[in-house]
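> The following comprises the amino acid sequence and a computationally predicted model.
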Amino acid sequence: MAQDPVFERATRFLSALRHCQVLGLKLHSASPEGLTVILPYSPQIVGNPLTGIIHGGALTSLMDTACGMSTLCVLPQFEVCPTLDLRIDYMHAAEPNKDVYGFAQCYRVTQDVIFSRGFAYQDDPEQPIAHVVGTFMRLGQHAKGIKRGGPLAAVDKP
């Protein structure tokens, strides 16, 4: 059985970005309503070895990636959409030895900018670790790297 096209596109996007590979990010779910990315817990992302708490930079990368990828859920074809602005409000530290989930959705799409929001959580989405809002610039599907066969060129290919 074939997977959902949004899920397939998002999976290809994750596999094309080196920082996603290094962090071990995995796609949990994707639909037109939004997507969820998993940041697996590992010793490499610990910020404080005494407590085992995940570094804020790893959580920021998770949420920037999830928000940026949420553009794949609303655009008919892949477009390069770099981050214009990202704001993260941390509610509490992530618990050690547990994966973190990052959910994001686009709530407004204009000709030039896409607006997204989301949250990071572990066991319970009702107890978020952080809330995020982001804006992403639409460069179009023919931006550099797509047209010339860069690492993101295969995102829209079946």
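Nice, I can see it. Residues are numbered from 1 along each chain as shown.
> who touches the residue nearest to P96 when sequence neighbours are not counted in this structure?
What sits nearest to P96 in space, not counting adjacent residues and going by Cβ to Cβ, 6 or more residues apart in numbering, is G52, at 3.2 Å. All C-beta atoms are positioned from the backbone trio N, CA, C, and that covers glycine. The neighbourhood of G52, defined by Cβ atoms under 8 Å, 6 or more residues apart in numbering, consists of V46, P96, N97.
> all helices for the chain, in order.
With DSSP state H applied, the chain shows helices at 5-16, 18-23, 56-69, listed in chain order.
> Would you mark the buried spots in the last one?
By neighbour count, and taking 16 or more other Cβ atoms under 10 Å as the criterion, the buried residues in helix 56-69 are A58, L59, T60, S61, L62, M63, D64, T65, A66, C67, G68, M69.
> And for the shortest one?
Judged by neighbour count (16+ other Cβ under 10 Å), helix 18-23 contains these buried residues: C20, L23.
> Which residues does it contact?
Defining contact as Cβ under 8 Å, 6+ apart, one finds that helix 18-23 is touched by L14, S15, L39, I45, A58, S61, L62, T65.
> one step back: now render the buried residues of helix 56-69 as CSV, adding pLDDT and distance to H19.
As requested, the buried residues of helix 56-69 are arranged in CSV below (pLDDT from 0 to 100; distance: Cβ to Cβ, whole Å):
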residue, pLDDT, distance to H19
A58, 96, 10
L59, 96, 13
T60, 96, 11
S61, 96, 6
L62, 97, 10
M63, 98, 13
D64, 97, 10
T65, 96, 8
A66, 97, 13
C67, 97, 14
G68, 94, 11
M69, 93, 13
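> Looking at these, which one is closest to V132?
The shortest distance between V132 and any of those, using Cβ to Cβ, involves M63 and amounts to 4.4 Å.
> residue contacts, the nearest residue to the closest one once chain neighbours are set aside?
Among residues not flanking M63 along the chain, V132 sits closest, at 4.4 Å (Cβ to Cβ, 6+ apart). Listed by Cβ under 8 Å, 6+ apart, the contact set of V132 reads 63, 66-67, 86-89, 104, 116-120.
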